[in-house]
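> Turn this into a structure:
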Amino acid sequence: MTYTGGGVPRPRGTWSREGAITATAFALCLLGGVVKDDGSTLSPPSAVAYLIAVVSCAVLPMRHRAPLAAMAVTTASGVLAPFLGLLLSPLIAAPAVVTAYSYSLTARSERRAVSAVGLISVALLVASTPLFGALSWKDASRVGAVAAFPLVAGVLGHSVRNRRAYLAAMEERALRAEQSRDSEARRRVAEERVRIARELHDLVAHQITLANAQATVAAHLFDTRPEQTRKSLKELVETTSDALDELRATVGLLRQSGDAASPAEPAPGLSRLPTLLESFRHAGLEVSAHQEGTARPLPPGVDLTAYRIVQEALTNVTKHAGTRSARVRLVWNRDRVTITVADDGGSADRTASTAAGPSASAVGDRPPGYGLIGMRERATAVGGHLSAGRSPEGGFLVSAQLPLPPAKDGATAVENRMADAATGDGRTGDAEAGDAL
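Residues are numbered from 1 along each chain as shown. The predicted structure is shown next:
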C-alpha cells in the first residue's frame, strides 16, 4: 500500500494502471509530433517530438501528489510545441488532458478546478491559433479540439468526483443507520429491563421479606403459643394477598391501555406443542417434529420457556426465511432438554433484523424486533443457554439447552399430555404431530 500527498492510501495495483495511462499518453503525444499540417507522408519522430513526449509524460505519475506542477509541465510542453516546429494537435495535448481530468477529480474546491482547467484550455487555444495567414476550416477544427478536450476532461472528472462522493455518503449513511438501530434496540431493551427490575424489586423485596419473617415466627411458636401462631399465619395470609395485588398492578403497568385482558387459562407448555405446530401448518409452513429420549415433566417456568422458544423460532422462519419448511427436534437427556429449530434457507441478515432491527435486504420497512434477544433472556432466566446462527448445511438454526429436574416416576407424563392435546379436538393433523413428537 502506498500513499498520495493527501495521505490517501493507494493500492499497489494502481501502479500498473498508471503505467498503462502514461504509456498511452506517450504514444499519442509522439504520434502527434509527426503529424503535418500539409498532409505529407508521416516520417519518423524527430528529436523534438521525443523531447516533448518524454517531458510531458514523465510527470504524469506525479499528478496525484503535485497536480498543479504536473498541469503546468504538460501545458507548457503543449504550448512550446508550435515554437519548436511541431503542429499543436489534440494528440500532443493528450498529457495535458490527463492532468486536467485528474485535477478535477481531486481538487479541493470546484472553483479551483474550473480555474485550472480553463487556464489550460486558454493557453492551448492561444498556442494553437496561427499567428499569420488566414484561419482555414481545418485549422479552426483543430484549434477547437485542442481547446475543448481539456474542458471535456475537466467536466468528466468533476462528474466522477460527485458520483464517488454520493456513493460514499450513501454508504456512510447506511452504516450509521444500522449502528443506530443496533444501539437503539440495546438501549430500549436495557431501559425496559431496568424499569421492570426496579418495580419488582420494590415490590418483592419488602413483601417477601415480611412474609418470611411471619412464617418464621409461626414455625417457632407453633407448639408453645398456638394463639400467637394463628395470628402470625393470619398476618401472613394478608401479606401474601397484598403482595399478589401489588404484583398484579405492577404487571398491569406493562400493558398499554388498549391491550386485551390476559386469557384465564394455564400458561402454555410443551403439551400444547402439537397444536402450535398445526397452527403453523395452517399458515403454510411445513413443520416436521422429532423427539429423542424419554420426555419428563418440566417445571412451569422451563416448560413455558421451551414453548416460547419454539414459537418464536418458527415465527422467524415464517417471516424471514426463504423456505416453507422447518424442523423441530427435542432431545431429552439426564439433566437437560435440547430444542433445535432449523430451516433450509433464509436471508443472511436474519440475525441482525431479528435481534436489532430491519436491514435493507431482509425486512425492508418493518419496525425493529427483539426476537433473539427475548429467546436468549428466557433461556438464561431458567438457567439454560441459547445459540442462533447460520447452520453448516445452509439455512438458520436456533438451539436451546434447558435444565431438567431429576428424573422421577411418571416420566412419560409429558408424552401423555402431548397425545391428549394432539387428539383433543379430533383433527388428524394434530394427531400426526403428536406421533412425530
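> what kind of secondary structure is the residue lying farthest from the centre of the chain in?
In the chain, the residue that sits farthest from the middle, by CA atoms, centre = their mean, is Thr224; the gap is 69.8 Å. Of the three states, Thr224 takes coil under DSSP: H, G, I helix; E, B strand; the rest coil.
> ok, now which ones touch it?
By CB atoms under 8 Å, 6 or more residues apart in numbering, Thr224 lies in contact with nothing. To be clear about C-beta, it is placed using only N, CA and C from the backbone, and glycine gets the same treatment.
> Distance-wise, check it relative to Cys29.
Separation of Thr224 from Cys29 (CB to CB, to the nearest Å): 116 Å.
> Low-confidence stretches in the stretch 301-437 of the chain?
Along the stretch 301-437 of the chain, segments meeting pLDDT under 70 span 321-322, 346-370, 407-437.
> Do a quick rundown of the strands in it.
Here the stretch 301-437 of the chain has its strands, by DSSP state E, counting those that start in this stretch, at 325-332, 336-343, 385-390, 396-403.
> Of all the ones you listed, which one is nearest Thr106?
Minimum separation from Thr106 across these (CB to CB) falls at strand 385-390, 41.6 Å.
> Pairing partners for that closest one, with directions?
Applying DSSP bridges to the sheet, strand 385-390 is found paired with strand 396-403 (antiparallel).
> which stretch of helix or strand covers Arg176?
Assigned by DSSP states H and E, Arg176 belongs to helix 137-220.
> tell me the mean pLDDT over that helix?
Helix 137-220 carries an average pLDDT of 79.
> Does Ala243 touch Ile208 like I think?
Yes. Contact status for Ala243 versus Ile208: in contact at 7.1 Å, counting by CB atoms under 8 Å.
> Looking at these two, which has the bigger crowd around it?
Ala243 (17 against 13; other CB atoms under 10 Å).
> Would you mind measuring from that one to Ala381?
Counting by CB to CB, the gap between Ala243 and Ala381 amounts to 20 Å.
> and if you look at Ala49?
As judged by CB to CB, Ala49 and Ala381 stand 84 Å apart.
> more crowded one of those two?
More crowded of Ala49 and Ala381, by other CB under 10 Å: Ala49, with 22 against 11.
> Not including adjacent chain positions, what is the nearest residue to Ala379?
Leu386 (4.0 Å; CB to CB, 6 or more residues apart in numbering).
> Count the residues that sit near that neighbour.
20.
> Touching, it and Val398? I think so.
Yes. Between Leu386 and Val398 there is a contact at 7.1 Å, judged by CB under 8 Å.
> Touching, Ala388 and Gly374? I think so.
No. Ala388 lies out of contact with Gly374 (CB under 8 Å); the separation is 11.7 Å.
> These two: who's more crowded?
Remark: of Ala388 and Gly374, Ala388 carries more neighbours, 21 against 16, as counted by other CB under 10 Å.
> List the residues that contact the closest residue in space to the more buried one that isn't next to it in sequence.
Distance criterion CB to CB, 6+ apart; nearest residue to Ala388, sequence neighbours excluded, is Val398 at 4.7 Å. By CB under 8 Å, 6+ apart, Val398 lies in contact with 309, 313, 316, 340-342, 375, 386-388.
> repeat that for 10 Å
309-310, 312-314, 316-317, 326, 328, 339-343, 354, 371-372, 375, 386-389, 391 (CB atoms under 10 Å, 6 or more residues apart in numbering).
> give me the beta-bridge partners of Val341?
Val328, Val398.
> number of nearby residues for it?
23.
> Let me see the contact set for it.
287, 309-314, 316-317, 326-329, 388, 396-400.
> Buried subset of the residues you listed as a ChimeraX selection?
Buried residues among those (16 or more other CB atoms under 10 Å), as a ChimeraX selection:
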select :287,309,310,311,312,313,314,316,317,326,327,328,329,388,396,397,398,399,400
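> Distance-wise, check Leu87 relative to Pro130.
Leu87 sits 10 Å away from Pro130 when distances are taken as CB to CB.
> So Val287, which state does it fall into?
With three-state DSSP as the basis, Val287 sits in strand.
> For it, give me its contacts.
276-281, 310, 314, 317-318, 324-328, 341, 343, 433, 436 are the contacts of Val287 under CB under 10 Å, 6+ apart.
> just to revisit the earlier point, give me the beta-bridge partners of the residue nearest to Ala379?
Ala400.
> how about it, what does it touch?
Applying CB under 10 Å, 6+ apart, one finds that Leu386 lies in contact with 305, 309, 313, 339, 372, 375-380, 398-402.
> Same question for Ile208.
Going by CB under 10 Å, 6+ apart, Ile208 touches 239-240, 243.
> so how many other residues sit close to Leu60?
24.
> Would you check that it makes contact with Ala25?
Yes. Applying CB atoms under 10 Å, one finds Leu60 in contact with Ala25, separated by 6.1 Å.
> Mutual contacts of those two, please.
Listed contacts common to Leu60 and Ala25 are 74, 94-95, 98-99; contacts here mean CB under 10 Å, 6+ apart.
> For those, give me JSON lines that also has secondary structure, distance to Val122 and neighbour count.
Below are the shared contacts of Leu60 and Ala25 laid out as JSON lines (DSSP: H, G, I helix; E, B strand; the rest coil; distance: CB to CB, whole Å; neighbours: other CB atoms under 10 Å):
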{"residue": "Thr74", "secondary structure": "helix", "distance to Val122": "15", "neighbour count": "29"}
{"residue": "Ala94", "secondary structure": "helix", "distance to Val122": "18", "neighbour count": "26"}
{"residue": "Pro95", "secondary structure": "helix", "distance to Val122": "17", "neighbour count": "30"}
{"residue": "Val98", "secondary structure": "helix", "distance to Val122": "18", "neighbour count": "24"}
{"residue": "Thr99", "secondary structure": "helix", "distance to Val122": "15", "neighbour count": "29"}
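> Pick out whichever of these sits closest to Pro268.
Val98 (72.4 Å).
> Grab the nearest non-local neighbour of the closest one.
Leaving aside its chain neighbours, Val98 sits nearest to Ala25 (5.6 Å; criterion: CB to CB, 6+ apart).
> That neighbour: which element?
In this structure, Ala25 is located in helix 14-32 according to DSSP H and E.
> So for that helix, what gets flagged as buried?
Quick answer for helix 14-32 (16+ other CB under 10 Å): 21-22, 25-26, 28-32.
> What lies in contact with it?
2, 4, 10-11, 42, 45, 49-50, 52-61, 63-64, 74, 77-78, 81, 86-99, 102.
> how about a cut-off of 7 Å?
Applying CB atoms under 7 Å, 6 or more residues apart in numbering, the external contacts of helix 14-32 come out as 45, 49-50, 52-53, 56-57, 60-61, 89, 91-92, 94-95, 98.
> Those residues: which two are farthest apart?
Every pair of those checked by CB to CB; the farthest is Pro61 and Ser89, at 24.0 Å.
> With neighbour numbers in mind, choose between the two.
Neighbour count, other CB under 10 Å: between Pro61 and Ser89, Ser89 has more, with 22 against 14.
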